[in-house]
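1. Predicted coordinates and the sequence they were generated for:
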Amino acid sequence: MTEHAVPPETSLVPEQGWHVLHLYYRVRRHRLAALSDEARRTGCQQITAALDPEAKQAPPRLQTFVVPGHRADFGALLMGPDPLQLASVDQAVRASALGPALEPVYSFVSITEVSEYVPTVEQYAQRLRDEGEDPDGPTFRAKVKAYESREQKMREQRLFPALPSWPVMCFYPMNKKREVGENWFLLDFAERMQLMTQHGRTGQTFAGKVTQLITASTGLDDWEWGVTLWARRPDFLKEIVYTMRFDEASARYAEFGQFYVGYILPAARVLEHLKLQ
């Protein structure tokens, strides 16, 4: 949290992790044309201030981006312990002098989490044994020690993620199926763990090219999870989504919502790109 931010109500802070809010807006050009030049200048200044990640009222994480295509024109990703602080950013954008020309077209509410399929050190060691690794051998001990050294950092990154400075991101919601013969929630934990381990290994082949954040939305939004991907190049997004859909966890059990791609820019450059002044 920034130094000057007002502490949230304790009851609104998750026991673990942060609130997450994805916001998407469309510019209504006929409404924009009706605004005076002064209103447009003032509105741009107000929105730039509202979406400034360095502002004293800003949440711990704030990222803005241009959205190509017809679904939206720009968006913002917000994270922090106080959901009202995140919502206030949205309200500031809507209440700006440009607000009459902006239409909120999509949002997604979720919370960061450490998936139950992220193994503990003990579970990781057991996985190595199940794969035939000699528990008394030096390779086994080295692998367990290496995993133990990065486990805590890995969990912290999932709960309080740092946002990569890569140029492109993608968001989509997803569910696990509850269909006859393809009900994820009727599988026992060991089978689900095995499928997600395979899925995770596929994702690891894109290390250095794509990074992801899975946030939980069960009870908070219409979908069960939100997936945010950041990539060094747009085509890496296509490659990872295509490749991972062949894993059984996706091919058999996953359902996906609409995809929203964004090109990350500071708020002032977003507004300049959209020719709002």
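-> Happy to help now that I have it.
2. now the strands for this structure?
-> Assigned by DSSP state E, the strands in the chain fall at 19-27, 61-66, 74-80, 102-112, 168-176, 178-179, 182-183, 210-216, 225-231, 254-256, 260-264.
3. Counting by contacts, list what the first one packs against.
-> Okay, so that is strand 19-27. strand 74-80, helix 83-95, strand 102-112, strand 225-231 (3 or more CB pairs under 8 Å, 6 or more residues apart in numbering; DSSP states H and E). C-beta coordinates here come from the backbone N, C-alpha and C atoms, glycine included.
4. Distance from the chain centre to the second one, please.
-> From the chain centre to the centre of helix 83-95 is a distance of 18 Å (CA atoms, centre = their mean, to the nearest Å).
5. What mean pLDDT does that helix get?
-> For helix 83-95, mean pLDDT is 97.
6. what angle separates that helix from strand 74-80?
-> 160 degrees (axes from the mean of the first three to the mean of the last three CA atoms, to 10 degrees).
7. From the rest of the structure, what touches helix 83-95?
-> Here helix 83-95 makes contact (CB atoms under 8 Å, 6 or more residues apart in numbering) with 5-6, 8-9, 12, 19-21, 23, 25, 46-47, 49-51, 57-59, 62, 76, 78-80, 99, 102, 104, 107.
8. give me every residue that touches residue 124.
-> Counted by CB under 8 Å, 6+ apart, residue 124 has contacts 144, 147, 151.
9. Drop anything exposed from the residues you listed.
-> Among the contacts of residue 124, the ones that count as buried by 16 or more other CB atoms under 10 Å are 144, 147.
10. Switch the contacts of residue 124 over to CSV; also include pLDDT and distance to residue 181.
-> Formatted as CSV, these follow (pLDDT from 0 to 100; distance: CB to CB, whole Å):
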residue, pLDDT, distance to residue 181
144, 85, 38
147, 83, 35
151, 83, 35
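11. and of the contacts of residue 124, the nearest to residue 42?
-> Nearest to residue 42, judged by CB to CB, of the contacts of residue 124 is residue 151 at 49.5 Å.
12. Helices of the stretch 101-250 of the chain, start to end?
-> Using DSSP state H, counting those that start in this stretch, the helices of the stretch 101-250 of the chain run over residues 121-130, 138-159, 189-204, 234-244, 248-251.
13. helices or strands next to the shortest one in the packing?
-> When you say that, I think you mean helix 248-251. With contacts taken as 3+ CB pairs under 8 Å, 6+ apart, helix 248-251 sits against helix 189-204.
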